[in-house]
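Asks: Sequence isn't available, so here's the structure alone:
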Ligand SMILES: C[S@@+](CC[C@H](N)C(=O)[O-])C[C@H]1O[C@@H](n2cnc3c(N)ncnc32)[C@H](O)[C@@H]1O
């Protein structure tokens, strides 16, 4: 059987099954809509949270905080865990810090206001889960795979490695731009990596989910 087509009616049905969001997440969703901030959907947020909880992850790394929406979902999947998240845009980093505080997670979230590529190289911390939400932004496939390796080097056995936009609205099949080429090369790297077991979940724009083998 093929993956079901998510019509507007079916989308409304699955939306009705989503957990209720608190006022902070609801406000962030409205702001993202109004200001065109590219955040994950609530479904994806709920999935990220659930995966983190199932994996028992406590130390989470995120590349691409925006205003902290996915970070809140990730942190809420942990039991009093910690999030280290990179955001290069000053205003977004400030907003992310304020949102984490308002969500009661201010002490658990560290927003590093720097380029994730350079910042990752200096980061010595180890993590139980990693969420990459800026594959589109890298200048080449080489940079994309270097970042992927840097993330994996910081993950222990059993850790989760996840990345958003794994389908690029279907562009990954025949990539015609740098963004799609980055995502396609990331997907190939994950699928073939001997340390990873993985799949792509066709939720929203696709979520790549991998687990670091024992
Ligand atoms: C898709 S958004 C992140 C959305 C967020 N994860 C969420 O769902 O709430 C990607 C973010 O990465 C940031 N960004 C892009 N390139 C970056 C880089 N090299 N280092 C750090 N942040 C970067 C952008 O400014 C943008 O806010």
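Replies: Arrived safely. A quick note: this is a predicted structure, and the numbers were derived from the prediction, not measured.
Asks: rest of the way, CA atoms for contacts and neighbours
Replies: Noted.
Asks: Name the helix or strand for the residue nearest in space to the middle of the chain, please.
Replies: For the chain, the residue nearest the mean C-alpha position is residue 131 (3.6 Å; CA atoms, centre = their mean). Assigned by DSSP states H and E, residue 131 belongs to strand 127-132.
Asks: repeat for residue 208
Replies: Following DSSP H and E, one finds residue 208 within strand 207-212.
Asks: got the contact list for that strand?
Replies: Strand 207-212 has contacts (CA atoms under 8 Å, 6 or more residues apart in numbering) with 44, 155-167, 187, 190, 195-201.
Asks: Taking strand 127-132 as reference, get the angle to it.
Replies: Computed with axes from the mean of the first three to the mean of the last three CA atoms, to 10 degrees, the direction of strand 207-212 lies at 150 degrees from that of strand 127-132.
Asks: Strand 207-212 pairs with which strands?
Replies: Paired neighbours of strand 207-212 in the sheet (DSSP bridges): strand 155-164 (antiparallel), strand 196-201 (antiparallel).
Asks: Report whether that strand contacts the ligand.
Replies: No. Interface with the ligand: strand 207-212 contributes nothing (CA under 6 Å from any ligand atom), its closest point being 11.8 Å away.
Asks: any idea how far that strand is from the chain center?
Replies: 11 Å (CA atoms, centre = their mean, to the nearest Å).
Asks: show me the contacts for residue 206.
Replies: Shown in contact with residue 206 (CA under 8 Å, 6+ apart): 164-168, 200.
Asks: now for the strand holding residue 131, which elements pack on it?
Replies: Using 3 or more CA pairs under 8 Å, 6 or more residues apart in numbering; DSSP states H and E as the contact criterion, the elements in contact with strand 127-132 are strand 59-63, strand 155-164.
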